[in-house]
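Chemist: What follows is a predicted protein model with its sequence.
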Amino acid sequence: MPRRRTPHESASVLPGRPPALPGERLPAARCEFIGGDLFQAVPGGADVYLLKSVLHDWDDTRAQQILHTCHRAMAGAARLLLIERLLPERLQASDAHRALARSDLTMRVAHGARERSEKEFVALLASAGFRTHRIVPTTSALTIIEALP
């Protein structure tokens, strides 16, 4: 009988998954897709741990648990990359800020989660044993936060 999956497992993205991303330059030998539960364990020994639009799905306690799970798996010069929307410290009357406020409200009402500001991400990372190395704005609505254990 197959093992029953927890609600947090991402195995639904794995069936039929090609061995490499179409058009990618990364050799298939350098990339592996593994389903799992971020609250239990992630594979150790990776150079980079990438979480895109993951932490905004969770409240601070659960987001901290995810970060602790990643921290336990990391060794040596491993890095954590978070790709998330950043709330500004103060919202302005602009289309971009209105969209962020709508997203934050949706996350709070629908999931009990939230969007976070740069300051809040830095504090959340620190509470899980990470040091924010750098924050890289992009031309999209997302920002890359690089953290080190």
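Modeler: On my side now, so go ahead.

Chemist: what's stretch 122-132 in contact with?
Modeler: Contacts to stretch 122-132, defined as C-beta atoms under 8 Å, 6 or more residues apart in numbering, come from residues 55, 60, 63-64, 67-68, 70-71, 80, 82, 116, 121, 145-149. No exception for glycine: its C-beta is placed from N, CA and C like everyone else's.

Chemist: switch to 7 Å and redo it
Modeler: With contacts defined as C-beta atoms under 7 Å, 6 or more residues apart in numbering, stretch 122-132 is touched by 60, 63-64, 67-68, 71, 80, 116, 145, 147-149.

Chemist: Put together CSV for those, with distance to residue 102 on each row.
Modeler: Written out in CSV, the entries for the contacts of stretch 122-132 read as follows (distance: C-beta to C-beta, whole Å):
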residue, distance to residue 102
60, 21
63, 20
64, 25
67, 26
68, 30
71, 32
80, 28
116, 15
145, 22
147, 27
148, 33
149, 34
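
Chemist: Give me the ChimeraX select line for those residues, limited to the buried ones.
Modeler: In ChimeraX, the members of these classed as buried (16 or more other C-beta atoms under 10 Å) are selected with the following command:
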select :63,64,67,71,80,116,145,147,149
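
Chemist: can you list the contacts of stretch 122-132 in TSV and add distance to residue 91, secondary structure and pLDDT?
Modeler: As requested, the contacts of stretch 122-132 are arranged in TSV below (distance: C-beta to C-beta, whole Å; DSSP: H, G, I helix; E, B strand; the rest coil; pLDDT from 0 to 100):
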residue	distance to residue 91	secondary structure	pLDDT
60	20	helix	94
63	21	helix	96
64	25	helix	97
67	26	helix	98
68	30	helix	97
71	31	helix	97
80	27	strand	97
116	14	strand	93
145	20	strand	98
147	25	strand	98
148	30	strand	97
149	32	coil	95
